[in-house]
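**Student:** no sequence for this one, just the structure:
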């Protein structure tokens, strides 16, 4: 459950726009604007505290994101260094700092906003209906598929007697999951049609 | 337009035949008529064609005989040809699927229950009110704003029923309504089903429930109606039951 700090009660649209605005603010500063970035960092920390988001959770997410971030920094630091006359290592650090700020800002926003509110906000801010409903479906069936994968993995482990999974069995597991997902898609489609769906997704809120 | 001579039964099947896409015969000339207000059980072994038959009642599957041939009308709901008037038929028939995860796709419970009414052209305010009312009927009004995946299996099943009831169907078609429910959830669901006045057709292996809910039983095997009559007489016929992969319900065995 998302925490119940003040940011939880703010309209989801405001939070979404503020988070995107924050990311833009982080991106537009010229390389090496340390004070500016530090200021943004302090502001972000204040929001994190106010939203009662557990910092350890943010750290865990950031660590999961860190390898991709490092890779990105190494790839692009050369170009940044060239155009800004900063040493290569400083340019890489600058990239890491910016991306981390943007990432943590988005994570905090996502954590302080229930998914349904966030989705409704995106819809109201003019996100195409097809994209919004695709996201809604994805979120809904992610859990169903995760459970299904969990059951399949358990069933396989029950019959492999402690031997690790080979690539072959992993591939067949993924294949089987895909097959099941497609079967489910057909049944979901039938169930929607049964309740009068005609291709337009109508929702209660907008 | 093919119409049925009046008075039209709520459900009428005449020579319904259907082949799976791979060519196997699923339904083989099924004739069946269910009067308005009647409650009938559809029993039979796995693979007998029960679920396939149910999908036909909603115009979700076309009756087809082989490839390329135009399907002959074989399903009527209140006299309406299901193969030609699918949309109108789906307004009349409420279909409850076996797996609630197939039916619950919305982000919140309330949103899902309101899905049918919104599709039927109801205004948002009214759809919301009706959805709340249906949730209240199944005892889940307090779960309205929760995401479906946070609910238990039994609760999800009841939300599905609320979603079907919100379409205000005159014919209720239920596919294994009590499967996988714990005894309390099953009891609750049975009482709910009993409280509904619509015409009911229930596909199930729960023969004890059949004895409670359905005065009439239709036994289907290998795509054919093998027996059709009073539930007690059919379910108590040990030879018939065993010949078709079923067994006499315990309550009849011990002579309740």
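**Tutor:** Perfect, thanks for sending it. Bear in mind the structure is a predicted one, so any value in this text is a computation, not a measurement.

**Student:** Buried residues of stretch B:149-158, list them for me.
**Tutor:** Residues of stretch B:149-158 classed as buried by neighbour count (16 or more other Cβ atoms under 10 Å in any protein chain shown): B:149, B:151, B:154-158. (Each C-beta comes from the backbone N, C-alpha and C, glycine too.)

**Student:** what's the burial count for the residue of the stretch 101-250 of chain B found nearest chain A?
**Tutor:** Of all residues in the stretch 101-250 of chain B, the one sitting closest to chain A is residue B:119 (3.5 Å; Cβ to the nearest Cβ). Neighbour count of residue B:119, defined by other Cβ atoms under 10 Å in any protein chain shown: 22.

**Student:** before we move on, what about residue A:43?
**Tutor:** Residue A:43 has 14 neighbours, counted by other Cβ under 10 Å.

**Student:** Run the contact check for the strand or helix carrying residue B:163 versus chain A.
**Tutor:** Assessed by DSSP states H and E, residue B:163 sits inside helix B:153-165. Yes: for helix B:153-165, a contact with chain A is found by Cβ under 8 Å from any Cβ of the partner chain, at B:163-164.

**Student:** Counting by contacts, list what that helix packs against.
**Tutor:** strand B:93-96, helix B:100-103, helix B:109-119, helix B:124-137, helix B:183-195 (3 or more Cβ pairs under 8 Å, 6 or more residues apart in numbering or on different chains; DSSP states H and E).

**Student:** Now do residue A:170 against chain B, distance only.
**Tutor:** 25 Å (Cβ to the nearest Cβ, to the nearest Å).

**Student:** Now do the SS call for residue B:32.
**Tutor:** Of the three states, residue B:32 takes strand according to DSSP: H, G, I helix; E, B strand; the rest coil.

**Student:** before we move on, back to that, make CSV from the helices and strands packed on helix B:153-165 and add mean pLDDT and distance to residue B:169 to it.
**Tutor:** Output for the helices and strands packed on helix B:153-165, formatted as CSV (pLDDT from 0 to 100; distance: least, Cβ to Cβ, whole Å):
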stretch, mean pLDDT, distance to residue B:169
strand B:93-96, 94, 3
helix B:100-103, 92, 14
helix B:109-119, 94, 9
helix B:124-137, 95, 12
helix B:183-195, 94, 13
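
**Student:** out of these, nearest to residue A:127?
**Tutor:** helix B:109-119 (16.9 Å; Cβ to Cβ).

**Student:** other SSEs contacting that closest one?
**Tutor:** Contacting helix B:109-119 under the criterion 3+ Cβ pairs under 8 Å, 6+ apart are the following elements: helix B:124-137, helix B:153-165.

**Student:** same thing but at 10 Å, please
**Tutor:** Using 3 or more Cβ pairs under 10 Å, 6 or more residues apart in numbering or on different chains; DSSP states H and E, the elements in contact with helix B:109-119 are helix A:167-194, helix B:86-92, helix B:124-137, helix B:153-165.

**Student:** Dump those to a markdown table, plus distance to residue A:201.
**Tutor:** Listed next are the helices and strands packed on helix B:109-119 as a markdown table, based on distance: least, Cβ to Cβ, whole Å:
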| stretch | distance to residue A:201 |
| --- | --- |
| helix A:167-194 | 9 |
| helix B:86-92 | 17 |
| helix B:124-137 | 14 |
| helix B:153-165 | 15 |
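
**Student:** Give me whichever of those helices is most buried.
**Tutor:** Compared across these, helix B:153-165 shows the largest average neighbour count, a mean of 24 (mean count of other Cβ atoms under 10 Å in any protein chain shown).

**Student:** what's the angle from it to helix B:183-195?
**Tutor:** Here helix B:153-165 runs at an angle of 10 degrees relative to helix B:183-195 (axes from the mean of the first three to the mean of the last three Cα atoms, to 10 degrees).

**Student:** and the angle from helix B:153-165 to helix B:124-137?
**Tutor:** Going by the same axes, to 10 degrees, helix B:153-165 makes 140 degrees with helix B:124-137.

**Student:** Just want the angle from helix B:153-165 to helix B:109-119.
**Tutor:** Going by the same axes, to 10 degrees, helix B:153-165 makes 20 degrees with helix B:109-119.

**Student:** How about the secondary structure of residue B:239?
**Tutor:** Going by three-state DSSP: residue B:239 is helix.

**Student:** Oh, that last question was meant for residue B:200, not what I typed.
**Tutor:** Applying three-state DSSP: residue B:200 is strand.

**Student:** so who does it touch?
**Tutor:** Residue B:200 is in contact with B:10, B:34, B:37-41, B:94, B:171-174, B:177, B:193-194, B:213-214, counting by Cβ atoms under 10 Å, 6 or more residues apart in numbering or on different chains.

**Student:** How about stretch A:140-153 and chain B, touching?
**Tutor:** Yes: using Cβ under 10 Å from any Cβ of the partner chain, stretch A:140-153 reaches chain B at A:140-148.

**Student:** And those residues, which of them are buried?
**Tutor:** Here, 16+ other Cβ under 10 Å leaves A:140-141, A:144-145, A:148 buried among those.

**Student:** Show me the residues you listed that map onto helices.
**Tutor:** A:140-141, A:144-145, A:148 (DSSP state H).

**Student:** Tell me which two of these sit farthest apart.
**Tutor:** Among these, A:140 and A:148 lie farthest apart (Cβ to Cβ), at 13.4 Å.

**Student:** so residue A:76 sits right up against residue A:70, yeah?
**Tutor:** No: counting by Cβ atoms under 10 Å, residue A:76 stays clear of residue A:70, with 11.4 Å between them.

**Student:** what is in contact with those two at once?
**Tutor:** Residues touching both residue A:76 and residue A:70 (Cβ under 10 Å, 6+ apart) are A:92, A:95.

**Student:** Return only those of the contacts of residue B:200 found close to chain A.
**Tutor:** On the criterion Cβ under 10 Å from any Cβ, B:94, B:173 are the entries of the contacts of residue B:200 that sit beside chain A.

**Student:** ok, residues contacting stretch B:239-252?
**Tutor:** Residues from elsewhere that reach stretch B:239-252, judged by Cβ under 10 Å, 6+ apart: B:43-48, B:205-212, B:219-222, B:226-227, B:231-238, B:253, B:256.
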